[in-house]
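Q: Give me a model of this one.
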Amino acid sequence: MRHRFPYNHQFYKASVDASNFFTLFLIICLSRTSILVYNSRLCLLLILYKVIFAFLVVFSLYSGKSYSREREPSGLASASTDQLPLVQLDTSKLSALPKLLSLVDDLNLRIRRYEQLSKPITLKSSLELTLVSNPTLASYRNLILSEFYNFKASQSSWFPSIIASPTAPAFGQVFSSTKTGNSADNISPFSSSTSTITESYQFTPGIVINWSFLDFSRQPFIDSRFQAFKQNQFLYASAVRDQLLSVQTNYYQIQASAALIAYYKPLAENLLDEYILQLAQFDEGLIDVGSLSQQRSQLFQTINQMIGFYDTLFSSSYTLADSIGLSPDSIFRPTDKLLVSGKWPLSLEDTLVQAETSREDIFAAIAAVKEFDDLAKFYIRQYLPTFSLYATASIANTWGSSTESYFRNGQSIGSRRVPSTYDNTASAAVGINFSWSIFDGANNYFTSKSNKETANSNRNKVLSQVNSVSAEVKSAYSLYVSSRSQLTAASESLKAAQISQEVALERFRVGISNITTFIQTVQLYSTAAVDYTEALQNYNISLAQLYRYSASFPLDVANIDPNSFFYVQ
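A: As a prediction, this is how the structure comes out:
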């Protein structure tokens, strides 16, 4: 199907056909009688014919111009559908042109692959899917939970510790052996000794309770763990915004490639049709090789550019899948047209204030400063005494029997078994204990100094982060302002180039314009389409950057709660 044109095509073509018929009639008349050349009526008739023909052409062009003023260029293309055009180019007439057929087949192969492999997705769906599918964000959530549990563990140091501490073994057998003999000053010629072997069972439960009620280093350590936890929360929020910006950027790139394909496809079809007709005219000797070469060069260039657009489409689709967190083999195609995504409501000064008071990157750097400041306090306070309430209680239960053996001069003279005995002993103690690390070789002192310097380093990072945030906002705002101006100019340029190309095509088809003019308008239209698409893409990307760099989020893009960025379970 040929490209439709936004002006009175039937009237224009009828006027041209009528003028051509009238011209042919006059030429026949002039060839039959030479005297008619001198006829004054015929001269007046020729002049009148030229005036009427000029009026018809001008009126036709003006009617096209008036109609075109009423419509703006759409997000994709002036004559495209809302979706990416996946219809392949017709190759039925290219059997005798192997090089051109090969190039068109290469393009059609990409169209078929993209149609078969790609899945439709909206920008809103891709953003929401990123939050639940991206492994990088899942890793940040795990880190947040890890730091959260570290923080809760540090808080538990306020509670007393209770330890079951029995005498070993708590329950079991005890064996003991005792041997007694004559003392060294015994002058008796006889030596005697007694050996006692005891076998008993014991059960000795015990408990120790210790509560450090005064520890000057405890709270700084808890505060440091809390700041580490908050830092990971802020870093996660920043990572979420970065990932969403990456998804938006990739999605806009896919939309831009789809828009360029939609702009170029009617051009390729028209150039292909005209090239087939020109080949027939060249074979009949009606046109020269120069005219044919211009048409051939532009046709090959246009098809080659479309192949490049499809390659970019595949590449951007793979990158989008990776940004979402899906398999790199996933290919998506946009269901939304490339349109202006909105308007930034703040001035540059207000945007800078918004960014510096809301950016999680800055908050994370500040949390890092506080974390190491608190760690420095923790280590230096290790030199202060710690007071605790100490209590212990135990019960010892022992029962068993023993055997006594008697010896004289090394010979056994008898033995006896002592009856079973049972002992029960209970003990308890309570009081205030303390520990005081008076000297440790200055280890804690130097560790404290190290953490203090790390905190100072992070303070400088805060200033650096503020400067980076300011630079990002200014860069995005500059791109937003410039792309907004470029978008207006590119839109008008595209409308004018589109009208020029369509009119030049029809004039070329009816034979009142040459191939050079037609090719020039095709090139102008191609350049204008690229400029307009790039300006629109840059505008949308810069707007997304402003939302990201100011730590805000447009509510109409996706149903995402900003509080969910601070993930805590």
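Q: switch to C-alpha atoms for all contacts and neighbour counts from now on
A: Noted.
Q: Give me the number of neighbouring residues for the nearest residue to residue 325 once chain neighbours are set aside.
A: What sits nearest to residue 325 in space, not counting adjacent residues and going by Cα to Cα, 6 or more residues apart in numbering, is residue 134, at 3.9 Å. A count of nearby residues for residue 134, using other Cα atoms under 10 Å, gives 18.
Q: Is residue 134 in contact with residue 324, as I believe?
A: Yes - Residue 134 is within contact range of residue 324, at 5.7 Å (criterion: Cα atoms under 8 Å).
Q: rewinding a little: ok, the residue nearest to residue 325 - contacts?
A: Residues counted as contacts of residue 134 (Cα atoms under 8 Å, 6 or more residues apart in numbering) are 323-326.
Q: same check, this time on residue 254
A: Neighbouring residues of residue 254 by Cα under 8 Å, 6+ apart: 312-313, 316-317, 333-334.
Q: and if we set it to 10 Å?
A: Contact analysis of residue 254 by Cα atoms under 10 Å, 6 or more residues apart in numbering lists 248, 309-310, 312-317, 319-320, 332-334, 338, 537.
Q: Ok, residue 315 next?
A: Taking Cα under 10 Å, 6+ apart, we find residue 315 in contact with 250, 253-254, 309, 331.
Q: and these as JSON lines, adding secondary structure and pLDDT?
A: Formatted as JSON lines, the contacts of residue 315 follow (DSSP: H, G, I helix; E, B strand; the rest coil; pLDDT from 0 to 100):
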{"residue": "250", "secondary structure": "helix", "pLDDT": "95"}
{"residue": "253", "secondary structure": "helix", "pLDDT": "94"}
{"residue": "254", "secondary structure": "helix", "pLDDT": "94"}
{"residue": "309", "secondary structure": "helix", "pLDDT": "92"}
{"residue": "331", "secondary structure": "strand", "pLDDT": "88"}
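Q: By neighbours, which of those residues wins?
A: For these, the largest number of neighbours (other Cα under 10 Å) sits with residue 254, at 26 neighbours.
Q: before we move on, back to that, common neighbours of residue 134 and residue 324, please.
A: Counting by Cα under 10 Å, 6+ apart, the residues touching both residue 134 and residue 324 are residue 243.
Q: Please compute how far stretch 445-455 lies from its chain's middle.
A: With Cα atoms, centre = their mean, to the nearest Å as the basis, stretch 445-455 stands 36 Å off its chain's centre.
Q: quick one on the thing from earlier: what pLDDT is listed against the residue nearest to residue 325?
A: With respect to pLDDT, residue 134 scores 93.
Q: contacting residues for residue 357?
A: 351, 363, 466, 550-551.
Q: That one: which element?
A: Assigned by DSSP states H and E, residue 357 belongs to helix 348-358.
Q: Check residue 162 too.
A: Counting by DSSP H and E, residue 162 is part of strand 161-164.
Q: contacts for that strand?
A: So strand 161-164 is in contact with 205-212, 390-394, going by Cα under 10 Å, 6+ apart.
Q: Apply 6 Å and report the result again.
A: With Cα atoms under 6 Å, 6 or more residues apart in numbering as the test, strand 161-164 has contacts from 206-210.
Q: Just the buried ones from the residues you listed?
A: 206, 208-210 (16 or more other Cα atoms under 10 Å).
Q: could I get those as CSV with distance to residue 291?
A: What follows is the buried ones among the contacts of strand 161-164, written out as CSV (distance: Cα to Cα, whole Å):
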residue, distance to residue 291
206, 107
208, 103
209, 101
210, 100
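Q: Secondary structure and distance to residue 374 for those - can I get that in JSON lines?
A: Below are these laid out as JSON lines (DSSP: H, G, I helix; E, B strand; the rest coil; distance: Cα to Cα, whole Å):
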{"residue": "206", "secondary structure": "strand", "distance to residue 374": "38"}
{"residue": "208", "secondary structure": "strand", "distance to residue 374": "31"}
{"residue": "209", "secondary structure": "strand", "distance to residue 374": "29"}
{"residue": "210", "secondary structure": "strand", "distance to residue 374": "25"}
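Q: my read is residue 258 is in a helix, agree?
A: Yes - Residue 258 forms part of a helix when assessed by DSSP: H, G, I helix; E, B strand; the rest coil.
Q: I'd like to know how many residues surround it.
A: For residue 258, the count of nearby residues is 27 (other Cα under 10 Å).
Q: now do residue 297
A: 11.
Q: Please apply the same query to residue 489.
A: By other Cα under 10 Å, the burial measure for residue 489, its neighbour count, is 15.
Q: any chance you could map the strands in the stretch 151-300 of the chain?
A: In the stretch 151-300 of the chain, the strands defined using DSSP state E, counting those that start in this stretch lie at 161-164, 171-181, 192-203, 206-214.
Q: hey, which strand is longest across this protein?
A: Longest strand of the chain, by residue count under DSSP state E: strand 411-435.
Q: Can you tell me which helices and strands whatever helix or strand comes next after that one packs against?
A: Going down the chain from strand 411-435, the next helix or strand is helix 443-509, by DSSP H and E. Here helix 443-509 touches helix 360-380, helix 515-549, going by 3 or more Cα pairs under 6 Å, 6 or more residues apart in numbering; DSSP states H and E.
Q: where does the stretch 51-200 of the chain have low pLDDT?
A: 51-87, 90-96, 167-176, 179-194 (pLDDT under 70).
Q: ok, back up a step: phi, psi of the residue nearest to residue 325?
A: Note on residue 134: backbone dihedrals following degrees, to the nearest 10 are phi -80, psi 120.
Q: Check residue 332 too.
A: Dihedral pair for residue 332: phi -120, psi 150, per degrees, to the nearest 10.
Q: which residues sit against the longest strand of the chain?
A: Identification of contacts with strand 411-435 by Cα under 6 Å, 6+ apart yields 385-407.
Q: Just the buried ones among those residues, please.
A: Buried among these by 16+ other Cα under 10 Å: 385-400, 402, 404-407.
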